[in-house]
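Visitor: Sequence below, structure please.
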Amino acid sequence: MAEHYVVAIDQGTSSTRCILFDHDGRLVSVAQREHEQHFPRPGWVEHDASEIWRIVQRILPQAVADVGASASEIAAIGIATQRETTVLWGRRDGVPVGPAINWQDTRTDELVEELGGDEGPGRFRDRCGLPLATYFSAPKVRWLLDHDPVLREQAEAGEVLFGTMESWLIWNLTGGPDGGIHITDVTNASRTMLMNLETLEWDDVLLEAFGVPRAMLPEIRSNAEVYGTTREALPGVPIAGAFGDQQAALFGQCCFTPGEAKCTYGTGSFLMLNTGGAPVGSTHGLLTTVGYRIGDLPPVYALEGSIAITGSLVQWFRDRLDIIRSAPEIETLARSVEDNGGCYIVPAFSGLFAPHWRSEARGLIIGLTSYITKGHLARAILEATGWQTRDVVDAMDADSGIALKALKVDGGMTANNLLMQFLADVLDVPVERPMMSETVSLGAAYAAGLAVGYWPELGRLRDNWHRAARWTPDMDPERRAREYRDWRRAVERTFDWVQPVEL
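Guide: Numbering: from 1, shown residues only. Here you go, the predicted structure:
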């Protein structure tokens, strides 16, 4: 039977989706389920990896069945996952040794400072392109091993495996304890702080510094090649693509030329710029990372600015403050006022990510007066996303020497037209949203489809990209400069809030 579709598994921070795409890159079926978020202590964020695997087992066959298809009609599966989230599990039984530590988790704050020593956050940047931060996987693995000597012995013996979410899912899909394939893709590996950015292999110096045994690590592979065949959930289908979610979005947005950039607006937001065939070091707080690698072709690198809290700030406004009942209501509420009334919200709930990298920072609301209403708060929440994006774009321009000419956007927050116009205003460049908003899933599907010949080459993927909306700047330059100055003053006031505990 003809192979009609490619399936993408998009395993995100709050939910997992399975989406079927056809040759034109059109979404033909989707199944989705949320998973529980666990916050056992302040700063701790955990997931149940077994729950996420059970969800995949349920929704993968469901998405295929919803269009009346069977496994024989699926050309390949591509996987995009939340990055940095760390899972350790037993090789023999496939059971996680504990909760998965989420990328937002800050429990490794003191360990990160200790690892930096006299050299500070930049100690390993020349090898892995990343600053020392709680964000990345290596400190999380070290923390788990330090807190359980038996676990370390098992890891050194290769009895306990490490992986980010794509490793965990591929291992289970290909058999788990019964012959599961233990691999990771190059983009997720580039976010661990353990991979050498030049060789694209695990680095002995980094492994020793972080105390991570090589025996527990997966094999690093490209983003588009056949890794193996599924034995669970939907047996008999090649798994041929894997990506970290933000690199998947870069690929799904067809940013194949140096200088092209995208920003994905979800739980957090992630701006990524294609820098071509050589890594560009950052002196302005950005991350140098692998953008993508197709089979045996040379890798393409990127600069990235990671913003921890954007969409989740709207969720906080809804779920914790109970001011709105649904996320879309925030736009209506924000439009009830003309501006923020002088109020700014800096959402440093887990510290500040790019370009500041201040793990000790905590969120604030400043500029409060008796004039402020919930409408002003709603507007300040949306504007926080715009200003954080501006911080990253300014750093990216300085590092790359390439002034941004346009920004492609995707993710759930792009449905907010007020926010998209504000982005164009504060960045002073056009903002473009594609017809297909599910660019993370599409990027994973594209990689898998390329690997098995479902799509012949990159040019065919560009043909699938169509613009749905475009916003152009419409803000007075003096107002833009004044409000950005006030934003930067607010950000500085979040610094140094968490102080070391004096014994």
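Visitor: quick one: low-confidence parts of this protein?
Guide: 1-3, 500-503 (pLDDT under 70).
Visitor: biggest helix in it by residues?
Guide: Assignment by DSSP state H gives helix 374-400 as the longest helix of the chain.
Visitor: in it, what counts as buried?
Guide: Applying a neighbour-count criterion of 16 or more other Cβ atoms under 10 Å, one finds 375-396, 399-400 buried in helix 374-400. From N, CA and C alone the C-beta is placed, and that goes for glycine too.
Visitor: For that helix, which helices and strands make contact with it?
Guide: strand 261-265, strand 269-276, strand 300-307, helix 311-319, helix 329-334, strand 344-346, helix 417-427, helix 477-492 (3 or more Cβ pairs under 8 Å, 6 or more residues apart in numbering; DSSP states H and E).
Visitor: ok, now which ones touch the closest residue to residue 99 other than its chain neighbours?
Guide: In this structure, residue 99 finds its nearest non-sequential neighbour in residue 46, 3.7 Å apart by Cβ to Cβ, 6 or more residues apart in numbering. Listed by Cβ atoms under 8 Å, 6 or more residues apart in numbering, the contact partners of residue 46 are 37, 38, 39, 40, 99, 100, 101, 102, 105.
Visitor: at 10 Å what do you get?
Guide: For residue 46, the contact set (Cβ atoms under 10 Å, 6 or more residues apart in numbering) comprises 36-40, 85, 98-102, 104-105, 107.
Visitor: what do you get for residue 34?
Guide: Residue 34 sits in contact with 12, 14, 15, 16, 55, where contact means Cβ under 10 Å, 6+ apart.
Visitor: Compare the residues you listed and tell me which is most surrounded.
Guide: residue 16 (26 neighbours; other Cβ atoms under 10 Å).
Visitor: what's across from it in the sheet?
Guide: residue 11, residue 33 (DSSP bridges).
Visitor: hang on, isn't it packed against residue 58?
Guide: Yes: using Cβ atoms under 10 Å, residue 16 and residue 58 qualify as a contacting pair, with a distance of 9.4 Å.
Visitor: what are the ranges of the helices in the stretch 101-250 of the chain?
Guide: 109-116, 125-128, 137-146, 149-156, 165-173, 186-189, 204-210, 245-252 (DSSP state H, counting those that start in this stretch).
Visitor: how about those, which one is nearest residue 7?
Guide: Residue 7 lies closest to helix 165-173 among those, at 11.2 Å (Cβ to Cβ).
Visitor: Can I get that closest one in CSV? Just the C-alpha atoms.
Guide: The C-alpha trace of helix 165-173 is given here as CSV (Å, rounded to 0.1, in the frame of the first residue of the first chain):
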residue,chain,number,x,y,z
MET,A,165,13.1,12.8,26.0
GLU,A,166,13.8,11.7,22.5
SER,A,167,16.3,9.1,23.8
TRP,A,168,13.7,7.8,26.2
LEU,A,169,11.0,7.6,23.6
ILE,A,170,13.1,6.0,20.9
TRP,A,171,14.4,3.5,23.3
ASN,A,172,10.9,2.5,24.3
LEU,A,173,9.5,2.6,20.8
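Visitor: so which of the contacts of residue 34 comes closest to residue 433?
Guide: Distances from residue 433 to the contacts of residue 34, taken by Cβ to Cβ, are shortest for residue 12, at 19.1 Å.
Visitor: quick one, phi psi at the residue found closest to the closest one once you drop the neighbours it is linked to in the chain?
Guide: Distance criterion Cβ to Cβ, 6+ apart; nearest residue to residue 12, sequence neighbours excluded, is residue 82 at 5.5 Å. Main-chain torsions, residue 82, degrees, to the nearest 10: phi -50, psi 140.
Visitor: so residue 82 touches residue 13, yeah?
Guide: Yes: using Cβ under 10 Å, residue 82 is in contact with residue 13, at 5.0 Å.
Visitor: Which of these two has more residues huddled nearby?
Guide: Taking other Cβ under 10 Å, residue 82 and residue 13 do not tie; residue 82 has more neighbours (28 against 22).
Visitor: Can you give me every residue that contacts that one?
Guide: Per Cβ under 10 Å, 6+ apart, neighbours of residue 82: 10-14, 16, 47, 52, 100, 102-104, 164-166, 188, 244-246, 266-268, 440.
Visitor: For the buried ones among the residues you listed, write the corresponding ChimeraX selection.
Guide: Entered in ChimeraX, the line below selects the buried ones among the contacts of residue 82, by 16+ other Cβ under 10 Å:
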select :10,11,12,13,16,47,52,100,102,103,104,164,165,166,188,244,245,246,266,267,268,440
